[in-house]
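Chemist: Below is the structure, and that's it, no one-letter string:
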C-alpha cells in the first residue's frame, strides 16, 4: 500500500450526462436529447474551480478524477479546458494521477488518444459484465466484444487503466462468476473494481425487486460470491485494498484513497461533493444536482454550492471511521483520537477482536478482517457508539 500522505489534495469533477440511465444507477446522471453546450459547461467548470481556489487558497493537487455520469461523452478539448483551469489556480504535482471514467463503446473509445493528449493518464472503464445477456439486463449500451476492444484500446493509450464489474447478478452462480472473473483478470493490468449489485431506492430495479420480478442472491450466496472474489483476486496478485477495489501493490487509485483516508478534496460540477479544510475547520460541500440549474448558479454567483456545512469533531471522526475501515490498511486509532477528542473504547475493540471481525497490528493499526468485511456497517456502528 502506498503511503498515506496527509497533504494529499484531490479535485473531483462531475460530468452529469449519460446517453441512457442504467436501471440500477442512483448516481447524479441525466439524459438529454439535445446537444450539450460543452463550451458553456467548460467555462462554468473553470469558474467554479476559480471560486473554490479563491476560497481555500494554495493547494498541491495530487489527483484529479473526472466522474459521472459519463465523462467520456466530453470532447477532449472540454477535458483539456478543465485540466487547464485546475493548473491555473492550483499547483499540480508532477506525478499527478488524472483519471477519467469511460463507457467502453466504440464511439467513446476512439477519443482515448485525445484524452491522453489533454492530460488524462488513467482511465476507468464501466465494463460491468462480460456476457451480452447480463449487459442487456443491466441496461448497458455496449456488447461484451465492444468492451474488450475498448479495454485493448485503453491498454495501448494509457499506462494505467481499470475496469468495473458488477457481480451477485440474478441467477449468477459462484462457478459462473469464477469463470468471468478469471477472464477479467486476464484483461486487467493492475486494477479492478468489483461491486455487488445493490438495489437502490428510486431506481427501476428497486420497483422490479419489490414486485418480485428481479431476484438477487440471498445472503449465503452473496457471501459465497464475495469469498470467490477475494480468493481469485488474491491468487492472481490483485488483493483487495478496499472492500470493492483490487490492485497490484502500488497501483491503487490514489484519488479514491483521498476519500477513504479522510483527506481533502474539492467537488466541482453538478452534484459534486467536497471536503475542504479552511482555517482548521472542515467543510462538507455539495453543489446543485440539476445540471442546468448548476450552470446558471455558477454563471450568476461563481459557484453552484447548495450545501456548505461545518463538521464538528464527532462528525469528522465518524466519517474517518466509516471511510477508513473500508481499507485493508485500516486506521490509526491515534488519528481517530486526535480528530474526535476521545479514544476508541478498548472494551469494544476487545469484543470485536474476540469475534474475529477486527485485528490490531503490532504498530497499533486497527483493521477489519476478511470475516468482518461482509458485516462492515455493523463493525463501524459498534466502534462509533
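Modeler: Arrived safely. As the structure is a prediction and not an experimental result, all values here were calculated from the model. Numbers count the residues shown, from 1 in each chain.
Chemist: Every contact and neighbour count from this point should use C-alpha atoms.
Modeler: Fine.
Chemist: and the longest helix anywhere in the chain, which residues are buried?
Modeler: In the chain, assigned by DSSP state H, the helix with the most residues is helix 38-56. Residues 41-53 are the ones in helix 38-56 that count as buried (16 or more other C-alpha atoms under 10 Å).
Chemist: swap in stretch 235-245?
Modeler: Buried residues in stretch 235-245 (16+ other C-alpha under 10 Å): 238-245.
Chemist: Confirm that residue 318 sits in a helix.
Modeler: Yes: the assignment for residue 318 by DSSP: H, G, I helix; E, B strand; the rest coil puts it in a helix.
Chemist: Farthest-apart pair in the buried residues of helix 38-56, please.
Modeler: The most widely separated members of the buried residues of helix 38-56 are 41 and 53, with 18.3 Å between them, by C-alpha to C-alpha.
Chemist: out of the buried residues of stretch 235-245, who's nearest residue 138?
Modeler: Of all the buried residues of stretch 235-245, residue 138 sits closest to residue 244, with 18.7 Å by C-alpha to C-alpha.
Chemist: Which of the buried residues of stretch 235-245 fall within strands?
Modeler: Judged by DSSP state E, those include 240-242, 245 as members of strands.
Chemist: follow-up on the earlier one: what sits up against the longest helix of the chain?
Modeler: By C-alpha atoms under 8 Å, 6 or more residues apart in numbering, the residues outside helix 38-56 that reach it are 74-75, 78, 81-82, 85-86, 89-90, 266, 268-269, 276-278, 295, 298-299, 302-304.
Chemist: and those, which are buried?
Modeler: Buried subset of those (neighbour count, 16+ other C-alpha under 10 Å): 74, 78, 81-82, 85-86, 89-90, 266, 268-269, 276-277, 295, 298-299, 302-304.
Chemist: In helices, which of the residues you listed appear?
Modeler: Using DSSP H, the subset of those located in helices is 78, 81-82, 85-86, 89, 295, 298-299.
Chemist: is it possible to export the residues you listed to JSON lines including pLDDT?
Modeler: As requested, those are exported to JSON lines (pLDDT from 0 to 100):
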{"residue": "78", "pLDDT": "98"}
{"residue": "81", "pLDDT": "98"}
{"residue": "82", "pLDDT": "98"}
{"residue": "85", "pLDDT": "98"}
{"residue": "86", "pLDDT": "98"}
{"residue": "89", "pLDDT": "98"}
{"residue": "295", "pLDDT": "98"}
{"residue": "298", "pLDDT": "98"}
{"residue": "299", "pLDDT": "98"}
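Chemist: which of the residues you listed lies closest to residue 63?
Modeler: Using C-alpha to C-alpha, residue 86 comes nearest to residue 63 of those, at 10.9 Å.
Chemist: what pLDDT does residue 160 get?
Modeler: Residue 160 is assigned 96 on the pLDDT scale.
Chemist: Residue 251 versus that one, what's the distance?
Modeler: For residue 160, the distance to residue 251 (C-alpha to C-alpha, to the nearest Å) stands at 8 Å.
Chemist: Which neighbours do those two have in common?
Modeler: Going by C-alpha under 8 Å, 6+ apart, residues that sit against residue 160 and also against residue 251 are residue 190.
Chemist: Pull the contacting residues for residue 103.
Modeler: Shown in contact with residue 103 (C-alpha under 8 Å, 6+ apart): 70, 72, 109, 125-127.
Chemist: what do you get if the cut-off is 10 Å, keeping everything else the same?
Modeler: The neighbours of residue 103, taking C-alpha atoms under 10 Å, 6 or more residues apart in numbering as the test, are 18, 69-73, 109, 123-128, 140-142, 147, 150, 163.
Chemist: average model confidence for stretch 333-347?
Modeler: 95.
Chemist: Give me the three-state assignment for the most centrally placed residue in the chain.
Modeler: For the chain, residue 256 is the residue whose C-alpha lies nearest the centre (C-alpha atoms, centre = their mean; 5.8 Å). Under the three-state scheme (three-state DSSP), residue 256 adopts helix.
Chemist: how close does it get to residue 16?
Modeler: Using C-alpha to C-alpha, residue 256 is found at 19 Å from residue 16.
Chemist: next one: residue 261
Modeler: On the measure of C-alpha to C-alpha, residue 261 and residue 16 end up 26 Å apart.
Chemist: could you pull out the strands for the stretch 251-385 of the chain?
Modeler: Using DSSP state E, counting those that start in this stretch, the strands of the stretch 251-385 of the chain run over residues 264-268, 273-278, 281-287, 305-310, 358-360, 366-368.
Chemist: any chance of these in a markdown table, plus mean pLDDT and distance to residue 377?
Modeler: Below are the strands of the stretch 251-385 of the chain laid out as a markdown table (pLDDT from 0 to 100; distance: least, C-alpha to C-alpha, whole Å):
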| stretch | mean pLDDT | distance to residue 377 |
| --- | --- | --- |
| strand 264-268 | 98 | 23 |
| strand 273-278 | 98 | 22 |
| strand 281-287 | 98 | 22 |
| strand 305-310 | 98 | 24 |
| strand 358-360 | 96 | 13 |
| strand 366-368 | 96 | 11 |
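Chemist: Could you export those strands as a markdown table, including distance to residue 202?
Modeler: Formatted as a markdown table, the strands of the stretch 251-385 of the chain follow (distance: least, C-alpha to C-alpha, whole Å):
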| stretch | distance to residue 202 |
| --- | --- |
| strand 264-268 | 24 |
| strand 273-278 | 20 |
| strand 281-287 | 20 |
| strand 305-310 | 22 |
| strand 358-360 | 34 |
| strand 366-368 | 31 |
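Chemist: So for residue 325, which of those sits nearest?
Modeler: Closest of the strands of the stretch 251-385 of the chain to residue 325 is strand 366-368, at 6.4 Å (criterion: C-alpha to C-alpha).
Chemist: now for that closest one, which elements pack on it?
Modeler: Strand 366-368 sits against helix 313-324, helix 346-354, strand 358-360, helix 376-384, with contacts defined as 3 or more C-alpha pairs under 10 Å, 6 or more residues apart in numbering; DSSP states H and E.
Chemist: closest to residue 320 among the buried residues of stretch 235-245?
Modeler: Nearest member of the buried residues of stretch 235-245 to residue 320, counting by C-alpha to C-alpha, is residue 242, at 14.3 Å.
Chemist: I am finished for the moment; much appreciated.
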